[in-house]
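**Student:** Sharing a model prediction with you, sequence too.
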Amino acid sequence: MRERLTLAFVGLTLALLVLVGVVRGVWLSHSVREDELDTLGEHATQVAIVFDRRFDSGLPVSSLQLQDLTDTDTRLTVSHPNSPDLTATGDQFRDDDVRGEQLLVRRTVGETTVVALQSDAHVRASTQDLVVSLVGIMLVAVLLAIGFGLVIARRLSEPFAALARNAEALGRGRFDIDLPDSNIPEVVALGAALKTSAQNLEHEFQRNREYAELASHALRTPITALRLELDELLVGRDLDDDTRLALTRCLAGVMRLQDTIGELVDAGRGRGLLGRTTVPLHDLARALERRWSQRLPDTCEVRTRVEQGGDLTVLPGPVEQVLDSVLADVCAHGTGPVTVRLEAEESHVRISVTARPQKTPPSERPDADRGASITEVLGGRWEGDALAGGLDILLPRR
């Protein structure tokens, strides 16, 4: 997105510069030509005044006198009714140069007419110099446009990139959405929608956990009571064989039902809303080590080990969300090496974190409290302290 915005900004700037440059180049050419024509016209007028006075005074005139008044790149022709035409050519004037849009002026003073002819080579040279300067200015403007385009594109695209990262984190199972600080209405609307989705998913996780606990209690309790009643009945000695056999069959059916309910409850607990977004535990451990190494000071060495179940897939979001709180707590109050051990089993992930405190940890540690709350919401268990003997975290694998 950033590259496309930069290209669009630079392309628009370049189109405007080309349009302005073409108009400016035509205007410069016309302006230089008009200035040269004015200068040549003034020169022709002065020559006409001089020769008109000589004609009126009856003084002799000749081409040599006209030659003295002729510029090096100009041809002058003086006409008078009482004298043949006089022509003088400058040393640098060439007939081959007089082509295309040559400069031609005609000035009349009294009965004397002067025709001045000059090549437009000087006009072309002056225009070319001005155009070269204009192109240089345009190149500088394009470079400035590229720089401004990169800055503006970065400012415009960064909020959307942050939203994309949050959406990807939500897809991994993280609910701690950090909305970008932006005044762009679209970013604000997308961020609000993403925040609402995260809250809804977190609420759904909480409902699933509560439902599993309620189902376990509501189903297993009466089944267990029924099983105990059947056991007591079977203990009685006054039962005939047919009754005892029927009670035995009922007890076996109740036990099968109890096992089925247990399997269904465990499956409901382990079923995740985002179960498809999983990664192997080994990959999660490597990503965790890189993340912690970047956040912790250089004096804190991070040691990550996978005890068992490295090939089992894990929903990364909940693990990352909980461990971010542990990381913030260790950054604030810990020092020295940090050891993180991970272990995956069929239904859960066990995480152990051990670090050394800088000094006696304070009584209030909001990061650790937040991590414990998140663990409880996710249906896990938080025991111990990372800075005091070690922290053990148990989370559902999916």
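**Tutor:** Now that the structure is in, tell me what you want to look at. Bear in mind the structure is a predicted one, so any value in this text is a computation, not a measurement.

**Student:** in the stretch 51-200 of the chain, which segments are predicted with low confidence?
**Tutor:** Residue ranges of the stretch 51-200 of the chain with pLDDT under 70: 94-101, 122, 171-176.

**Student:** which stretch of helix or strand covers Thr339?
**Tutor:** When elements are assigned from DSSP states H and E, Thr339 belongs to strand 334-344.

**Student:** Buried residues in that strand, which are they?
**Tutor:** Using 16 or more other Cβ atoms under 10 Å as the test for burial, strand 334-344 gives Gly334, Thr335, Val338, Thr339, Val340, Arg341, Leu342, Glu343, Ala344. C-beta coordinates here come from the backbone N, C-alpha and C atoms, glycine included.

**Student:** Not counting its neighbours along the chain, what's nearest the third one?
**Tutor:** Going back to what we said before, that points to Val338. Distance criterion Cβ to Cβ, 6 or more residues apart in numbering; nearest residue to Val338, sequence neighbours excluded, is Ala355 at 4.6 Å.

**Student:** what's the pLDDT at the one you found?
**Tutor:** Model confidence at Ala355, expressed as pLDDT, equals 84.

**Student:** Spell out the secondary structure type for Trp292.
**Tutor:** Counting by DSSP: H, G, I helix; E, B strand; the rest coil, the backbone at Trp292 sits in helix.

**Student:** who touches it in this structure?
**Tutor:** Val302, Thr304, Leu327, Val338, Val340 (Cβ atoms under 8 Å, 6 or more residues apart in numbering).

**Student:** now swap in Val306 and tell me
**Tutor:** Leu281, His282, Ala285, Arg341, Leu342, Glu343.

**Student:** Next, it: phi, psi?
**Tutor:** The phi/psi pair for Val306 (degrees, to the nearest 10) reads phi -110, psi 110.

**Student:** what pairs with it across the strands?
**Tutor:** On the basis of DSSP bridges, Val306 is bridged to Leu342.

**Student:** Export stretch 145-164 to CSV, keeping only CA atoms.
**Tutor:** C-alpha atoms of stretch 145-164 as CSV (Å, rounded to 0.1, in the frame of the first residue of the first chain):
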residue,chain,number,x,y,z
ALA,A,145,7.9,14.9,-4.3
ILE,A,146,9.3,11.4,-3.8
GLY,A,147,10.5,12.3,-0.3
PHE,A,148,7.3,13.9,0.7
GLY,A,149,5.4,11.1,-1.0
LEU,A,150,7.3,8.5,1.1
VAL,A,151,6.6,10.5,4.3
ILE,A,152,2.9,11.0,3.6
ALA,A,153,2.4,7.4,2.3
ARG,A,154,4.0,6.1,5.5
ARG,A,155,1.7,8.3,7.7
LEU,A,156,-1.3,7.2,5.7
SER,A,157,-0.5,3.5,5.5
GLU,A,158,0.9,2.9,9.0
PRO,A,159,-2.6,2.8,10.7
PHE,A,160,-3.9,0.3,8.1
ALA,A,161,-0.8,-1.8,8.5
ALA,A,162,-1.4,-1.8,12.3
LEU,A,163,-5.0,-2.8,11.7
ALA,A,164,-3.8,-5.7,9.5
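
**Student:** Show me which positions of it end up buried.
**Tutor:** Residues of stretch 145-164 classed as buried by neighbour count (16+ other Cβ under 10 Å): Ala145, Ile146, Gly149, Leu150, Ala153, Leu156, Ser157, Pro159, Phe160, Ala162, Leu163.

**Student:** now the second one, what's its secondary structure?
**Tutor:** Put simply, Ile146 is helix when judged by three-state DSSP.

**Student:** Would you mind confirming that it makes contact with Val10?
**Tutor:** Yes. Using Cβ atoms under 8 Å, Ile146 is in contact with Val10, at 5.5 Å.
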